[in-house]
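Asker: Okay, here's the prediction I keep looking at, along with the sequence it came from:
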Amino acid sequence: MHNKLLVRLASLGIAGDLLEWIKSFLCERQQRTRVGSALSGPVNINSGVIQGSCIGPILFLLYIYNSIVKVIKEDITCTIC
């Protein structure tokens, strides 16, 4: 399930209609695979985000936010050449 991601989003202050929209976007999805003319039956998707979606990378960054902050040292700076 997407419970871990949804809990993380809630802990970051995402709530109400926005959280419900994200939940409906992620949950109760199915996928099928086509090889040539053969088509598989539908399979429920229980985790992950839709490949190629615009919101997928944003959700990933929000999910790892607390973890990455703990790893990055305070004295690290970033410059763009």
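Answerer: Structure received.
Asker: The most centrally placed residue in the chain sits in which helix or strand?
Answerer: Most central in the chain under Cα atoms, centre = their mean is L59, positioned 4.0 Å from the mean C-alpha point. For L59, the host element (DSSP states H and E) is helix 55-71.
Asker: Residues touching that helix, excluding its own?
Answerer: K4, L5, R8, L9, L12, I14, I22, F25, V49, I50 (Cβ atoms under 8 Å, 6 or more residues apart in numbering). For the C-beta atoms, the positions are set from N, CA and C on the backbone; glycine is no exception.
Asker: Now with 10 Å, please.
Answerer: Here helix 55-71 makes contact (Cβ atoms under 10 Å, 6 or more residues apart in numbering) with 2, 4-6, 8-9, 11-12, 14, 21-22, 25-26, 48-50, 53.
Asker: List only buried entries from those.
Answerer: H2, L5, L6, R8, L9, I22, L26, V49 (16 or more other Cβ atoms under 10 Å).
Asker: Can you give me the buried ones in the helix or strand bottoming out on mean pLDDT in the chain?
Answerer: Scoring the helices and strands of the chain by mean pLDDT, DSSP states H and E places helix 55-71 at the bottom, with a mean of 81. For helix 55-71, the neighbour count (16+ other Cβ under 10 Å) marks L59, L62, Y63 as buried.
Asker: List the contacts of L19.
Answerer: Contacts of L19 (Cβ under 10 Å, 6+ apart): L6, L9, A10, G13.
Asker: Dump those to CSV, plus secondary structure, pLDDT and distance to R32.
Answerer: Listed next are the contacts of L19 as CSV, based on DSSP: H, G, I helix; E, B strand; the rest coil; pLDDT from 0 to 100; distance: Cβ to Cβ, whole Å:
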residue, secondary structure, pLDDT, distance to R32
L6, helix, 91, 25
L9, helix, 92, 28
A10, helix, 94, 31
G13, coil, 92, 36
